[in-house]
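Trainee: everything below, folded, please.
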Amino acid sequence: MEGTLEFLQDVADTLDRPGTPSDIAGAVAFLGSNDAEWTAGQVLAVASGSRP
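Mentor: Here you go, the predicted model:
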């Protein structure tokens, strides 16, 4: 978990606002859909275009 706070701050700085649950709704919908049935062992970064 070390570095998590800094990462979250970087994401908030990228958008000039903190993330909200609606920001990740599309990713959650995808992962819960049949479109993701072959998605396994991946990390899906929902981070406003910033990179860790």
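
Trainee: tell me the secondary structure at residue 45.
Mentor: Following DSSP: H, G, I helix; E, B strand; the rest coil, the label given to residue 45 is coil.

Trainee: so how many other residues sit close to residue 27?
Mentor: 13 (other Cβ atoms under 10 Å). (C-beta placed from N, C-alpha, C; glycine too.)

Trainee: grab the nearest non-local neighbour of it.
Mentor: Computed as Cβ to Cβ, 6 or more residues apart in numbering, the closest residue to residue 27 that is not its neighbour in sequence is residue 46, at 4.7 Å.

Trainee: now do the contacts for the one you found.
Mentor: Contact analysis of residue 46 by Cβ atoms under 8 Å, 6 or more residues apart in numbering lists 23, 24, 27.

Trainee: point out where the protein drops to low pLDDT.
Mentor: Residue ranges of the chain with pLDDT under 70: 1-2, 10-18, 48-52.

Trainee: re the thing from before, tabulate the contacts of residue 46 in JSON lines, adding columns for secondary structure and distance to residue 41.
Mentor: JSON lines is the format used below for those (DSSP: H, G, I helix; E, B strand; the rest coil; distance: Cβ to Cβ, whole Å):
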{"residue": "23", "secondary structure": "helix", "distance to residue 41": "24"}
{"residue": "24", "secondary structure": "helix", "distance to residue 41": "20"}
{"residue": "27", "secondary structure": "helix", "distance to residue 41": "16"}
